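Asker: starting from these lines, generate the structure:
(chains A and B)
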Amino acid sequence: MEFLNFLLILFTAWLIWRRPQRERLAFRLLLVSCLIMALLFFIGTHTSLVPGVNI
Amino acid sequence: MALPQSRLRNLLAWAVMVLTVCPVGVAVWLGLFQGDSPCILCWAQRTSMMLIALLGLFILRYGPKPQYIGMAVLLGAFGVFMALRHSALHLVRDVGQGFSAPFFGAHTYAWSWFTHWTILLTIGVLLLLLRETGVGAWSAELNRTGRFALGLFMVVVGGNAFQALVSTGPPPFIGQADPVRFSLNPRHWVWSLEETAGKISLRGSWTIPKPDPTALEVDPVPAHGPLKDLPVLTVAGWEKVSAPLEGALTDLAHDPATGRFLAVTDRYDVYLLDSTLSRVLHHVRLDPGFSVDLSPLAGAAFLEGDTLAVLSTNKSYALLRPDSAANPGAEWRHFLATDGAVAELRLGRFATVRARQMYVLSLAYDPAARELITVTVPSPRQRRLVVSRFARADFLPASEFEPHLAPGLAGAGGDSSLAGYQVTGAAVADSLLYAISAAYSTLLVMDLHDRTVRAAYAVPGLTRPTGVAVQGSELLVAQADGRIARLERPAP
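Answerer: Sure, this is the predicted structure:
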């Protein structure tokens, strides 16, 4: 999934460069990338979502 | 203070390039040429940095719109959280015990923390430098620096994508907790979904219920316990602490040298009582809210030299001493109430390894070994009974062990049967540790030399036992209601 996310980021950067009029699409793709990143992080920490220290 | 748009755009383009090259580009180089693969958490933080750099490119192209700045701040804040969560796995380990190879003296999770924090600071600085009229007049054309930043960004993202494909695989595979060394040889590739295993939890292994010393929900019937056919130790007599106490009694200790008793309650009160348990010689109420965090007091012991030790359920302790010359002004900060003749010597916390993430409800002192002793309260996440010993000299761990059952004390689950007991009081005599369990009203007698439970006795008739003290040939089992059961101490 990390691979897919970097492809999304790469495509978004290409839109900014070559298709700047697709600003809304580019930003939506960025939001999707953010969600995938957060999802992968929470999968990696799902057995203890907050830091394992005294809080 | 504000900069012209052209200079600000160049500054932002340089910020994007620094963010792209320094943390992320170097990480890709380390991965592709040094074999250093990131873990699943590192991947997320690396992605966060690239997304923030991408937002910098958005601003270069479309101007400093609120949604781009807001998104960058959100990602920076989430990145700090991710770095903190990641660092928490390793920061408290011993010296040099980080995860993966250090880089310029710090590990990647520490660099992520620094990077995301720096990003937030940089956003603040750039906003300070932005002219109020700059948003509307923003040019959509990328200048030379901006184009170079965009090209560099795409190269580094491409490198990341290639590294991610090799080391984590195509969808649906995801990164690993313990990443595999990067290799271009497909035979060495490991693509997995192992990180999806396990239950969702907010605190994980830190979800330990806090025991209430006076209201444990336990079965008091000895016959229901994991050790069967135990000999019965009959209560020889009852008495009561007649001195007025604030709160429920949570432990009792006896000083053979003076005959005095030490009692603690669930309201942080500490009482030095006379030999008849009827008169208060000294009294203080500890202040739990400042300095070392004290949970309800659950243990008490006399140390040598007139020093009193009291312990709270979270293994924090206080050392006190009766002192007629105590300075009331200096002691005011330690106590919520005091008779004016007690000094606080020390506040501290016991550190444990085997008993980590477990609470305790007992404290004993072994004068022969000059060690303080605690016994853990098993929990659903930590199902074991651990005896921890701490040197009187420096209060550091001297040893820890999970006791074995002596031959003839067979439980259904072997040694693990002991995890069924909830020890609420402990005392030492003749190198034996007497531990009373509120669960199944059972007295465990442990040999501190060979670390075995030498004997166990059913003590029917107890109600919420919270402590035990040794007085000559007798054991005094204290209850939360202030009543004391006298038992004949089993022969060594």
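Asker: flag every buried residue along the strand or helix carrying A:L39.
Answerer: Per DSSP states H and E, A:L39 falls inside helix A:23-44. For helix A:23-44, burial by neighbour count (16 or more other CB atoms under 10 Å in any protein chain shown) applies to A:23, A:26-27, A:29-30, A:33-34, A:36-38, A:40-41, A:43-44. Any C-beta I mention is one placed from the backbone N, CA and C, and that applies to glycine too.
Asker: which of these come close to chain B?
Answerer: By CB under 8 Å from any CB of the partner chain, the members of those lying near chain B are A:23, A:26-27, A:30, A:33-34, A:37-38, A:40-41, A:43-44.
Asker: B:A44: which of these is nearest?
Answerer: A:F41 (3.7 Å; CB to CB).
Asker: what's the neighbour count on the residue nearest to that closest one when sequence neighbours are not counted?
Answerer: Ranked by CB to CB, 6 or more residues apart in numbering or on different chains and with sequence neighbours excluded, the top spatial neighbour of A:F41 is B:A44, at 3.7 Å. Residues contacting B:A44 under the criterion other CB atoms under 10 Å in any protein chain shown number 29.
Asker: in what helix or strand does B:A44 lie?
Answerer: Going by DSSP H and E, B:A44 is in helix B:40-62.
Asker: host element of B:V270?
Answerer: Under the criterion of DSSP H and E, B:V270 resides in strand B:269-273.
Asker: tell me the SS of the residue lying closest to B:A391 once chain neighbours are set aside?
Answerer: Ranked by CB to CB, 6+ apart and with sequence neighbours excluded, the top spatial neighbour of B:A391 is B:A398, at 4.7 Å. Under the three-state scheme (DSSP: H, G, I helix; E, B strand; the rest coil), B:A398 adopts strand.
Asker: was I right about B:A398 contacting B:R389?
Answerer: Yes - between B:A398 and B:R389 a contact is recorded at 4.5 Å, counting by CB atoms under 8 Å.
Asker: okay, and the common contacts of those two?
Answerer: Common contact partners of B:A398 and B:R389 (CB atoms under 8 Å, 6 or more residues apart in numbering or on different chains): B:369, B:371.
Asker: how about the residue of the stretch 101-250 of chain B found nearest chain A, nearest residue that isn't a chain neighbour?
Answerer: Distance from chain A to each residue of the stretch 101-250 of chain B (CB to the nearest CB) is smallest for B:G204, at 2.7 Å. Distances taken as CB to CB, 6+ apart place A:S48 nearest to B:G204, at 2.7 Å, with adjacent residues excluded.
Asker: skipping adjacent residues, who's closest to the spatially most central residue of chain A in space?
Answerer: Closest to where the C-alpha atoms of chain A average out (CA atoms, centre = their mean) is A:S33, at 2.3 Å. Once flanking residues are discounted, A:S33 sits nearest to A:L8: 4.9 Å by CB to CB, 6+ apart.
Asker: on the three-state scheme, that neighbour is what?
Answerer: What three-state DSSP gives for A:L8 is helix.
Asker: does it touch A:R28 like I think?
Answerer: No - here A:L8 does not reach A:R28: they are 10.5 Å apart, not a contact under CB under 8 Å.
Asker: which residues does B:T108 contact?
Answerer: B:27, B:38, B:42, B:100.
Asker: can you report how many residues neighbour B:E132?
Answerer: Neighbour count of B:E132, defined by other CB under 10 Å: 7.
Asker: let me know the pLDDT of it.
Answerer: pLDDT recorded at B:E132 is 75.
Asker: you'd agree it is in a strand?
Answerer: No - using three-state DSSP, the secondary structure at B:E132 is coil, not a strand.
Asker: what about the nearest residue to it once chain neighbours are set aside, how many residues nearby?
Answerer: With sequence-adjacent residues excluded and distances taken as CB to CB, 6+ apart, B:E132 is closest to B:A2, at 7.8 Å. Using other CB under 10 Å, B:A2 is surrounded by 13 other residues.
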